[in-house]
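J.: Build me a model from this:
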Amino acid sequence: INDLVIPNAVNGIKVTGIGDSVFDNCLSLTSVVVPEGVKSIGYRAFAGCRSLASITLPDSLTSIGSDAFYGCDSLTGVTLPQNLTSIDHGAFGDCDKLTSIVIPDSVTFIGNGAFAYCSGFTGDLVLPDSVTEIEGFAFSCCSGFNGRLVLPKNITAVNDYTFDSCTGFIGELDIPDNVTYIGERAFINCKGFTDTLSISDSVKTIGAFAFQGCTGFDKDLYLSDKLEVLGESAFSGCNGFKGSLKIPEGVTKIEAAVFDGCSGFTGKLVIPEGVTEIGSMAFNECSGFTGELVIPEGVTEIGTLTFSGCSGLTGELVIPEGVTSIGNSAFNNCSGLSGKVTIPASVASIGTDAFSAWKNTVTIHCYEDSAAHKYAADNNIAYKLIKEIVASGQCGDNVFYELDSEGVLTISGTGICMIINLILLRLLH
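T.: Numbering: from 1, shown residues only. Purely as a prediction, here's the structure:
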């Protein structure tokens, strides 16, 4: 069979559906007309019909099943009917000769990989507001689109890999107000986008690699105050972003490489107080940041290459009490820092080349016999031992004192108070 016209009735019984795998791998089939009255096309009904170039679908059709036309790689065009509501998993997957697609405003569901690897699509992809769910991989590797992407306003998630490697989309990207979740690799390598990435205030999660390699965005990046999860490498390689970066207060963990290579950011880097972990390469090569780096008190670990190449940072570097490890090359080539690095006794390990490329200008302030003391001595880095405070307190409302292990008494504040006997009593006890 080359040209197939499916009858609207067989033996007096109306045809209302095309069953599963009915024409699967009919390699000679070149055209199909599906009659009015058919409401559904089943699983793999025409899958693998590699010579199929033309398909006519009726207005009565409401659902296209999983893999229904998967691998029909001679199909050059299809008009989706106005009553269609569901395009299921892989329905047109790997139909790489399709050049355009219009999703009618009756469709509510687009399944996993529904149009994956349809690399022949060109122009805009406008998804109507009737669509409430787009599953992962739906348009993965549709690299031919060369116009705008318009997302429907009623979706609540952009799922994993949905627009992975759709490299040709242009213009700004607007994430709708109802979206709370942007999945893993949702827009990875969509490098054609330019101008602004507008992420709605409703977004709580941005998954790993979500926007990695989206190099075309060239305006400020605004992150929602409701954001809680910022996944690994989420914005890695997005070197076009400009302006300052504000990480929302709800983020408690900055994952590995999340802003790796984002060299376009400028101004002060503000890390929220609630952050407890900063992953490897989190801000690697973010050379545009300027001003003092303040690491929150709750941080316990600074990973490998975390701030490497942040050459614009200035001032002193203070590692807060509670940090237990500093990774390899963590502050490599932070050449703008003043040279004074204070490392608390809580740090138990310091990786290779943690302060490489500026270690000759560094003086590490550390406690005697601490890991930092040993690291400085072993790496020929200048160091100064921090004197241990053996007594401290307050006399009156405004006078404060400290006595260090070398017997140096420091008094601060204003007022008059005799405190020598008090200090001696505390030392004796």
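J.: does residue 123 count as helix, strand or coil?
T.: coil (DSSP: H, G, I helix; E, B strand; the rest coil).
J.: I figured it was touching residue 147, is that so?
T.: Yes. Here residue 123 reaches residue 147: they are 4.6 Å apart, a contact under CB atoms under 8 Å. All C-beta atoms are positioned from the backbone trio N, CA, C, and that covers glycine.
J.: so what pLDDT did residue 179 get?
T.: Predicted confidence (pLDDT) for residue 179: 97.
J.: could we number from 519 for the rest of this?
T.: Let's use 519 as the start, then, which means that last one is residue 697.
J.: distance of it from residue 665?
T.: Distance, residue 697 to residue 665, by CB to CB, to the nearest Å: 21 Å.
J.: what does residue 730 give?
T.: Note on residue 730: its distance to residue 665, by CB to CB, is 22 Å.
J.: the more surrounded of the two?
T.: residue 730 (25 against 16; other CB atoms under 10 Å).
J.: Pull up the gap between that one and residue 624, please.
T.: Going from residue 730 to residue 624 by CB to CB gives 35 Å.
J.: try residue 817
T.: To residue 624, residue 817 is 51 Å away according to CB to CB.
J.: okay, the two: which has more neighbours?
T.: The neighbour comparison of residue 817 against residue 624 (other CB under 10 Å) goes to residue 817, with 19 against 16.
J.: wait, that one sits on residue 796?
T.: Yes. Taking contacts as CB under 8 Å, residue 817 lies within contact range of residue 796: 6.0 Å.
J.: low pLDDT regions in the stretch 819-947 of the chain?
T.: 908, 923-925, 933-947 (pLDDT under 70).
J.: 90 instead?
T.: 853, 855-857, 874-880, 904-947 (pLDDT under 90).
J.: so where do the strands sit in the stretch 519-668 of the chain?
T.: Per DSSP state E, counting those that start in this stretch, the stretch 519-668 of the chain carries strands over the ranges 521-523, 527-528, 531-532, 535-536, 549-551, 558-559, 572-574, 581-582, 604-605, 627-628, 643-644, 651-652, 667-668.
J.: so can I have a markdown table of the ones you listed showing mean neighbour count, distance to residue 885 and mean pLDDT?
T.: Compiled in a markdown table, the strands of the stretch 519-668 of the chain are given as follows (neighbours: other CB atoms under 10 Å; distance: least, CB to CB, whole Å; pLDDT from 0 to 100):
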| stretch | mean neighbour count | distance to residue 885 | mean pLDDT |
| --- | --- | --- | --- |
| strand 521-523 | 13 | 83 | 96 |
| strand 527-528 | 10 | 88 | 94 |
| strand 531-532 | 9 | 87 | 96 |
| strand 535-536 | 19 | 77 | 98 |
| strand 549-551 | 18 | 79 | 97 |
| strand 558-559 | 22 | 73 | 98 |
| strand 572-574 | 16 | 75 | 96 |
| strand 581-582 | 22 | 69 | 98 |
| strand 604-605 | 22 | 64 | 98 |
| strand 627-628 | 20 | 60 | 98 |
| strand 643-644 | 18 | 60 | 97 |
| strand 651-652 | 20 | 55 | 98 |
| strand 667-668 | 20 | 55 | 97 |
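J.: can those strands go into TSV with extra columns for distance to residue 850?
T.: Output for the strands of the stretch 519-668 of the chain, formatted as TSV (distance: least, CB to CB, whole Å):
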stretch	distance to residue 850
strand 521-523	66
strand 527-528	74
strand 531-532	73
strand 535-536	62
strand 549-551	62
strand 558-559	58
strand 572-574	58
strand 581-582	54
strand 604-605	50
strand 627-628	45
strand 643-644	42
strand 651-652	42
strand 667-668	38
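J.: which residues touch residue 652?
T.: By CB atoms under 8 Å, 6 or more residues apart in numbering, the residues touching residue 652 are 628, 645, 670, 673, 675, 676, 677, 680.
J.: contacting residues around residue 892?
T.: Contacts of residue 892 by CB under 8 Å, 6+ apart: none found.
J.: what about the closest residue to residue 922 other than its chain neighbours, how many neighbours?
T.: Nearest residue to residue 922, sequence neighbours excluded (CB to CB, 6 or more residues apart in numbering): residue 905, at 3.8 Å. For residue 905, the tally of surrounding residues (other CB under 10 Å) stands at 16.
J.: Which of the helices or strands spans the most centrally placed residue in the chain?
T.: Nearest residue to the geometric centre of the chain (CA atoms, centre = their mean): residue 752, 1.9 Å. Counting by DSSP states H and E, no helix or strand carries residue 752.
J.: now do residue 710
T.: Counting by DSSP H and E, residue 710 is found in no helix or strand.
J.: what's the answer for residue 895, then?
T.: Per DSSP H and E, residue 895 falls inside helix 889-896.
J.: Restrict whatever helix or strand comes next after that helix to CA atoms and write it as PDB.
T.: Counting by DSSP H and E, the next helix or strand C-terminal to helix 889-896 is strand 900-903. What follows is strand 900-903, C-alpha atoms only, in PDB (Å, rounded to 0.1, in the frame of the first residue of the first chain):
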ATOM      1  CA  ALA A 900      53.600  34.300  55.200                       C
ATOM      2  CA  TYR A 901      51.500  33.900  58.300                       C
ATOM      3  CA  LYS A 902      50.700  35.600  61.600                       C
ATOM      4  CA  LEU A 903      49.500  33.800  64.600                       C
END
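J.: Show me what strand 900-903 is packed against.
T.: strand 881-884, helix 889-896 (3 or more CB pairs under 8 Å, 6 or more residues apart in numbering; DSSP states H and E).
J.: Would you enumerate the residues in contact with residue 825?
T.: Counting by CB under 8 Å, 6+ apart, residue 825 touches 800, 801, 802, 804, 811, 831, 848, 849, 852.
J.: same thing but 6 Å
T.: 801, 849, 852 (CB atoms under 6 Å, 6 or more residues apart in numbering).
J.: Tell me who's in contact with the second one.
T.: Residue 849 makes contacts with 825, 873, as judged by CB under 6 Å, 6+ apart.
J.: got it, and the last one?
T.: If you count contacts by CB under 6 Å, 6+ apart, residue 852 has them with 825, 828, 831.
J.: Likewise for residue 879?
T.: Contact partners of residue 879, counting by CB under 6 Å, 6+ apart, are residue 857.
J.: Roughly how far does it sit from residue 813?
T.: For residue 879 relative to residue 813 (CB to CB), the value is 20 Å.
J.: Ok, residue 856 next?
T.: Residue 856 is 16 Å from residue 813, by CB to CB.
J.: Alright, I will stop here.
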